[in-house]
Every structure is written in C-alpha cells, then in structure tokens.
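Asker: Have a look at this prediction, sequence included:
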Amino acid sequence: MRKTRRHEPEYVLHIFHHTDERTQKPVVVFVIRTVKEFTHFNYHILLDAALTGHSIQLKILGLRTSTLIMPGMGPAQGRKDFGQLKGAYHLTVTKLDGESNSFLLNISPNQVTIEGGPPRPFVLAVDEPVLVPED
C-alpha cells in the first residue's frame with residue numbers, strides 16, 4: 001500500500017485591522033508567519049506586495065536574518081500594511097517556486113472576512129491579530 005503524504009500548510013497569514021502608531025490612521029495588516037519555529041535566529045520573510053484595483057498580490061521572496069544577529073526563537077514573519085481597504089478583494093499569495101493560493105476577502109470598517117481558498121493550501125489565511133513590529 002502506498003503512503004499518501006499529508007500536505008500541511010507551511011505558512012499562516014493573519015489579516016486584521018490595526019491603527020498605525022505613527023500616523024494614527026487605520027490600516028489592514030497582512031502578517032505572514034512560518035508554521036515552523038526556528039531555534040537559533042529570528043528570521044524575516046521578505047515580501048513583495050502589490051495592490052491593483054481590488055486585487056492584492058503577496059509574493060514570498062525568501063528569508064533573511066535580522067540585522068541584529070542575536071539568538072532568538074520563533075517563526076519567521078513578514079508584514080505589509082495597506083490603508084483604506086474597503087469592499088471585496090481577490091488575494092493571491094505566491095511562493096518563490098511559483099505555487100500560489102487565492103482567497104476572497106471582504107473588508108468592512110470593523111472586520112475582515114476570508115472566504116475560499118484551495119483544498120490543500122500552503123498558506124492558511126486567518127483573521128486573528130498578532131503582534132509584529134511595524135516595518
């Protein structure tokens with residue numbers, strides 16, 4: 001009997017409302033974190049982000065170590081903020097190898113609703129806030 005390999009998500013994408021500490025304006029924050037926790041360094045996920053009309057593209061470009069080479073533990077993470085998002089958006093997250101996952105977002109002033117997604121995603125999208133320093 002052949003074993004089937006379970007396809008577990010590699011990343012969790014947190015999408016939530018936040019107030020920018022510098023400008024005091026509302027933003028929608030996209031924080032992507034690895035499921036894997038690193039034990040020696042704090043890594044940052046390099047992200048490229050684009051907003052075109054009602055389409056949001058996030059591309060994972062790789063990992064880099066923090067500028068302070070201090071021991072640390074936890075998931076690698078990256079953050080992108082978007083201001084003034086309202087309505088329905090098509091979100092596509094793409095890995096460096098070209099694999100992509102798509103989601104539908106409905107953004108109101110009070111909440112973010114995530115719909116759709118592939119049956120076996122590499123990124124799990126959730127509307128739970130997490131604490132990540134601003135870029």
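Answerer: That came in fine, so what should we check first?
Asker: so is Ala88 in a helix, a strand, or just coil?
Answerer: strand (DSSP: H, G, I helix; E, B strand; the rest coil).
Asker: dump the residue contacts of it.
Answerer: Shown in contact with Ala88 (Cβ atoms under 8 Å, 6 or more residues apart in numbering): 54, 104-107. In short, each C-beta sits where N, CA and C put it, glycine included.
Asker: Pull the residues that contact the strand or helix carrying Pro75.
Answerer: Assigned by DSSP states H and E, Pro75 belongs to strand 74-83. Applying Cβ under 8 Å, 6+ apart, the external contacts of strand 74-83 come out as 18, 20, 25-38, 42-47, 49, 51, 56, 58, 60, 63, 132-135.
Asker: Buried ones from those, can you make that a PyMOL selection?
Answerer: To isolate the buried ones among the contacts of strand 74-83 in PyMOL, judged by 16 or more other Cβ atoms under 10 Å, type:
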select buried, resi 27+28+29+30+31+32+33+34+42+43+44+45+47+56+58+60
